[in-house]
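Student: Fold the stuff below for me.
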Amino acid sequence: MPWLRDLPLPSDATSAYGSFLADLDARLRDPATDRDDLTRELLAQLLYGRAYGQLLTDAPIAALNLDPRNVTLEAEYYAATDPVKFARVKPLLWLWKNADLTPAGQSATFGIEFRRVLAGHVFKRVGRNFKCWQNVEFSVGYNMDVGDDVVVHRGVLLDDIGGIVLKDGASLSDYVSVYSHSHSVLHMPDVTLKPTVIGKGARITYHATVLAGSVVSDDAMVATGALVRGPVEPHGIAMGVPARVTRLKAREGWGEPVVDSRRDAPPLARKANPDYPDPTPPQTRLPDADREGSAPVPVPAER
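Tutor: Residues are numbered from 1 along each chain as shown. Take a look at the predicted model:
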């Protein structure tokens, strides 16, 4: 018995959705399409059921905030954001974010297909059968490298400003956070970009956090609420804060893992702020048990 059911919709809805999504994909592929104009028109229809021009006359503040040219997003304020790349994806991120708040976006059938189309024009790469639920947040979007059959559930935060790789079959459960940048504890503007990799078939479960530069190997699992700040070996089950591998899955016939944190070096880091070009020095703190008279214990400088 399969885990998921097939839930077909009435043929008229299926036909209308298919035509809409095919037209959207074609318009986004057309270099002549103004993505800002397209976004404001679609949001006017999805949110208010009318043309943008009419909404501008009736409710100008509502209309003006549908146009990506009239709003700013957090990533635009950061020096690490590539302004040319972000300008191209910003309208689609604004469309993605706001469409999620509509009945169309809340529909599993239409919403997932809609996001799949947008992902193909936002991400660095996206494989087949990408499944993304509602209210997922990206930093810049264009640094997402996504394989085949990846599932991202609702409320996930993907801080991809330093790069996130989700290998084939990776699954991120509700309210997971994955980061790809860190701040020095001494100087907040001292930012290091560190790509984060989630391996093939790896599962990051509810409310877990994966910090920048971590490598979660193929077929590994991160337990609910865990905090990953380094490598997780293949087939490992990592639990706790900070997360440690406490057991291994019993696997037969899996083959050699492609992403293996025991063998592969962590992705290369780079500094995001030219005012802090040098590597962030190790930070120190005194042990909680004996703050007086003890030598400092080195700890990594992490977010």
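Student: can you tell me which helix in this structure is longest?
Tutor: Determined from DSSP state H, the single longest helix within the chain is helix 11-29.
Student: Can you work out which other helices and strands pack against the next helix-or-strand element following that helix?
Tutor: The element immediately downstream of helix 11-29 (helix or strand, assigned by DSSP states H and E) is helix 35-43. Where contact means 3 or more CB pairs under 8 Å, 6 or more residues apart in numbering; DSSP states H and E, helix 35-43 is packed against helix 11-29, helix 83-99. In this view, the C-beta of every residue, glycine as well, is placed from N, C-alpha and C.
Student: Determine which stretch of those helices is the most buried.
Tutor: Highest mean neighbour count among the helices and strands packed on helix 35-43 (mean count of other CB atoms under 10 Å): helix 83-99, with a mean of 19.
Student: For it, C-alpha coordinates in PDB please.
Tutor: Taking C-alpha atoms only, helix 83-99 is exported to PDB below (Å, rounded to 0.1, in the frame of the first residue of the first chain):
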ATOM      1  CA  PRO A  83      22.300  42.900  -7.000                       C
ATOM      2  CA  VAL A  84      22.100  41.700 -10.600                       C
ATOM      3  CA  LYS A  85      21.100  38.200  -9.800                       C
ATOM      4  CA  PHE A  86      18.600  39.300  -7.100                       C
ATOM      5  CA  ALA A  87      16.900  41.900  -9.300                       C
ATOM      6  CA  ARG A  88      16.000  39.000 -11.700                       C
ATOM      7  CA  VAL A  89      14.500  36.800  -9.000                       C
ATOM      8  CA  LYS A  90      13.000  39.400  -6.600                       C
ATOM      9  CA  PRO A  91       9.700  39.700  -8.400                       C
ATOM     10  CA  LEU A  92       9.200  36.000  -8.400                       C
ATOM     11  CA  LEU A  93      10.100  35.700  -4.600                       C
ATOM     12  CA  TRP A  94       7.500  38.500  -4.000                       C
ATOM     13  CA  LEU A  95       5.000  36.600  -6.100                       C
ATOM     14  CA  TRP A  96       5.800  33.300  -4.300                       C
ATOM     15  CA  LYS A  97       5.500  34.800  -0.800                       C
ATOM     16  CA  ASN A  98       2.200  36.600  -1.400                       C
ATOM     17  CA  ALA A  99       0.600  33.900  -3.500                       C
END
